[in-house]
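Enquirer: can you look at this prediction? I've put the sequence above it.
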Amino acid sequence: MLTRQIKTTSPLNATLLYLSWVLVGSFVLTSGLNAGDLADSKKSVAASPEVLSHDLPRTSTVTSAESARHSRALASAAFSEGQRLALTGNFEQALTRYQEAAQADPTYSATYAQIALTLLRLDREDEALHTLTEQLKQQPTDSQLHALLAYCLINQKDSPNKELALAHATRSLELDPTLISNYRILAQGLQLKNKPAGLKELLAKALKTPSNEAAFHLRMASLWNGILLESNTKPSSINSLILPFYEKAYQVDPLNPDTSFHLGQVHFDSGNYPQALNYYQIAYALNRKIPGLRERLALSYLSSNQENEAIPILENLLEEFPDRSNLYSTVGELYERAGKWSEAATYYAAYLKFKTPNAEDYIRLAQAQMMLKKPKEALTTLESAVADFPTLTTLQLLKAVALCSLQRPADAINVLKDVETTAQGNPQILNAPFYFQYGTTLAAAGRTEESEEFLKKCLTLNPHYHQALNYLGFSWAEQNRQLSEAEAYVIKALALDPENSSYQDSLGWIYHKQGRQEQARAILLSALQKTPDSPELLEHLGHVYLKLGQTKEALTAWQRALPLSLNQEKLQALIKETSTQEFKANR
């Protein structure tokens, strides 16, 4: 309830509520009232607030011990009622109850602390200061009263008394080093930004505070994080300065998941991803439900190049929070990076159902569907995208690709023709990639001369467009013409992209057409080391082996290519014919 109250009150009241928690705690738990006292209080005190204001009974039969216990019970009931009223915002009534508690038991300093805090909430600052000053005369060694008076003095509206505030804060820490709110008062007195050396000295003192509670060190870390932020300390420096607090908490209680989580955060924000991952993994093993932990753990896996480890973490999050739409896109991207296109498409499709898609959302799904060799599904996705974004040419170009994959080059050409007409004079659209796409689509339609025209236009716009260089070179090799020019084009393409095995395949095929079988075999074998399951490479290598008189090796290469080939019937016929000829030759 305290947390909920803080969130809904003003910044001043939030601070006061925090102070009341840190400085005062629970009256019942700290007043020395035992279970027997509670039992007696239930018998002798009515629940209604009216009874609490009655004078204490004074009869000759009541012993002094019984009277003291009865007074504490009345004070406890009044104090608890005051806390309840304060949490509901009824500060005037709460003040009355606290005053009744003080009257019933004048020895308990927490009551006066709450009276002072309530007076501050009611903007009765002078009365709060008077209450604390007078009570300290009675209890000069009470650390809580010193701390609260320090807070009041340094936050006086008219004339803050910093020197006296610092004196009381210092005295409070001498009496009880664990009252960490004093450090904020001392830091405030140092004027934060003006005395970095003093702040550093104060931090060193805070680090020496002994405690066997992990929660204490975690609170200290949180407090100093705020102080250092206010002092304009660089975030990277803050991480290194507060790290020892978290390390102390971990030493005290290594099984505290919050401590491991915070250590992970500090290391992650410092760029120390392996250490962050280690602590996040520990926290995850202890309590995977810590808010933000699974996201941070997944990020740490990604930052450590362990993307496959991040996926189940995020999927676990989605099982628990299926409405977190952004995670569908993230998991889809991770599966895409892993080359798992089926899973990527599933998550991309799910993401589209949660929000109004943008063009990029459609494109990612369509590309995944194309990689899965599902052009019909990709076309459906792209048609929906075009309906939402009719002027976006990227979608039209992808639609043309899908149509080509569906053996509908004529429809694809119509799409590209419309784009060219609409985008006249716009070089951002009618660029080299556009004319490359147009040229290859015309080739698929059997319009070879027009295809070459558009591919050459592509190269005019960008002479280094290696995809067009390779495509033209291979096309000429397939037609067994312009082989010298084809060789020059593909060699140039390879110079621009030396590791491209498809380009090596093109050059090997050109060498084969030129009768340079040894060179063809060498480059095709080199390409196969990069892509050993390429049916095109295997088929071309088979033809080279056949020309070299190595029929057995040719048949082996074709047999490997057969289950992967898109032209299995044609390749099967070639294997049968070659096998028959080999059989006849060896009879």
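Expert: Alright, I've got the coordinates. Numbers count the residues shown, from 1 in each chain.

Enquirer: list the contacts for the nearest residue to Glu453 once chain neighbours are set aside?
Expert: Residue nearest to Glu453 in three dimensions, not counting chain neighbours: Gly439, with 7.6 Å by Cβ to Cβ, 6 or more residues apart in numbering. From N, CA and C alone the C-beta is placed, and that goes for glycine too. In this structure, Gly439 makes contact with Ser451, Glu452, Glu453, Phe454, Leu455, Lys457, Cys458, Ala468, Tyr471, judged by Cβ atoms under 8 Å, 6 or more residues apart in numbering.

Enquirer: buried among these? Need that as a selection in PyMOL.
Expert: To isolate the buried subset of those in PyMOL, counting by 16 or more other Cβ atoms under 10 Å, use the following:
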select buried, resi 451+452+454+455+457+458+468+471
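
Enquirer: dump the contacts of Gly439 to JSON lines, plus secondary structure and distance to Ser270.
Expert: Below are these laid out as JSON lines (DSSP: H, G, I helix; E, B strand; the rest coil; distance: Cβ to Cβ, whole Å):
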{"residue": "Ser451", "secondary structure": "helix", "distance to Ser270": "56"}
{"residue": "Glu452", "secondary structure": "helix", "distance to Ser270": "58"}
{"residue": "Glu453", "secondary structure": "helix", "distance to Ser270": "58"}
{"residue": "Phe454", "secondary structure": "helix", "distance to Ser270": "54"}
{"residue": "Leu455", "secondary structure": "helix", "distance to Ser270": "52"}
{"residue": "Lys457", "secondary structure": "helix", "distance to Ser270": "53"}
{"residue": "Cys458", "secondary structure": "helix", "distance to Ser270": "48"}
{"residue": "Ala468", "secondary structure": "helix", "distance to Ser270": "47"}
{"residue": "Tyr471", "secondary structure": "helix", "distance to Ser270": "49"}
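
Enquirer: let me see the confidence value for Gln428.
Expert: Listed pLDDT for Gln428 reads 89.

Enquirer: for it, what are phi and psi?
Expert: Main-chain torsions, Gln428, degrees, to the nearest 10: phi -70, psi -30.

Enquirer: burial check on it, number of neighbours?
Expert: 8 (other Cβ atoms under 10 Å).

Enquirer: show me where this protein has its strands.
Expert: Per DSSP state E, the chain carries no strands over any range.

Enquirer: ok, which stretches of the stretch 101-250 of the chain are helices?
Expert: 109-121, 125-138, 143-154, 162-175, 181-189, 196-207, 214-230, 235-252 (DSSP state H, counting those that start in this stretch).

Enquirer: the longest one packs against which elements?
Expert: Just to be clear, that refers to helix 235-252. Judged by 3 or more Cβ pairs under 8 Å, 6 or more residues apart in numbering; DSSP states H and E, helix 235-252 is in contact with helix 196-207, helix 214-230, helix 257-269.

Enquirer: what residues does that helix touch?
Expert: 203, 207, 211-218, 220-221, 224-225, 228-229, 233, 256, 259-260, 262-263, 266, 269-270.

Enquirer: report how many residues lie close to Arg219.
Expert: Arg219 has 18 neighbours, counted by other Cβ under 10 Å.

Enquirer: can you pull the buried residues of the longest helix seen in the chain?
Expert: In the chain, with assignment by DSSP state H, the single longest helix is helix 64-87. Of all the residues in helix 64-87, those buried under the rule 16+ other Cβ under 10 Å are 69-79, 81-83, 85-86.

Enquirer: ok, stretch 122-137 next?
Expert: Residues of stretch 122-137 classed as buried: Arg124, Glu125, Glu127, Ala128, Leu129, Thr131, Leu132, Gln135, Leu136 (neighbour count, 16+ other Cβ under 10 Å).

Enquirer: quick check: the second one touching Ala116?
Expert: No - with contact defined as Cβ atoms under 8 Å, Glu125 does not reach Ala116; the gap is 9.8 Å.

Enquirer: returning to that earlier point: tell me which two in the buried residues of helix 64-87 are the farthest apart.
Expert: Pairwise distances across the buried residues of helix 64-87 peak at 25.8 Å for Arg69 and Ala86 (criterion: Cβ to Cβ).

Enquirer: and the gap between Leu379 and Pro390?
Expert: 16 Å (Cβ to Cβ, to the nearest Å).

Enquirer: settle it for me: which of the two has more neighbours?
Expert: Under the neighbour definition other Cβ under 10 Å, Leu379 and Pro390 were set side by side, and Leu379 has more, 22 against 9.

Enquirer: which residue is the nearest non-sequential neighbour of that one?
Expert: Ala402 (4.2 Å).

Enquirer: can you report how many residues neighbour the one you found?
Expert: Neighbourhood size, Ala402 [other Cβ under 10 Å]: 25.

Enquirer: need the contact list for it.
Expert: Ala402 sits next to Ala366, Met370, Pro375, Ala378, Leu379, Leu382 when contact means Cβ under 8 Å, 6+ apart.

Enquirer: next one: Thr393
Expert: Contacts of Thr393 (Cβ under 8 Å, 6+ apart): Val419, Thr422, Ala423, Ile429, Phe434.

Enquirer: out of the residues you listed, which are buried?
Expert: Val419, Ala423, Ile429, Phe434.
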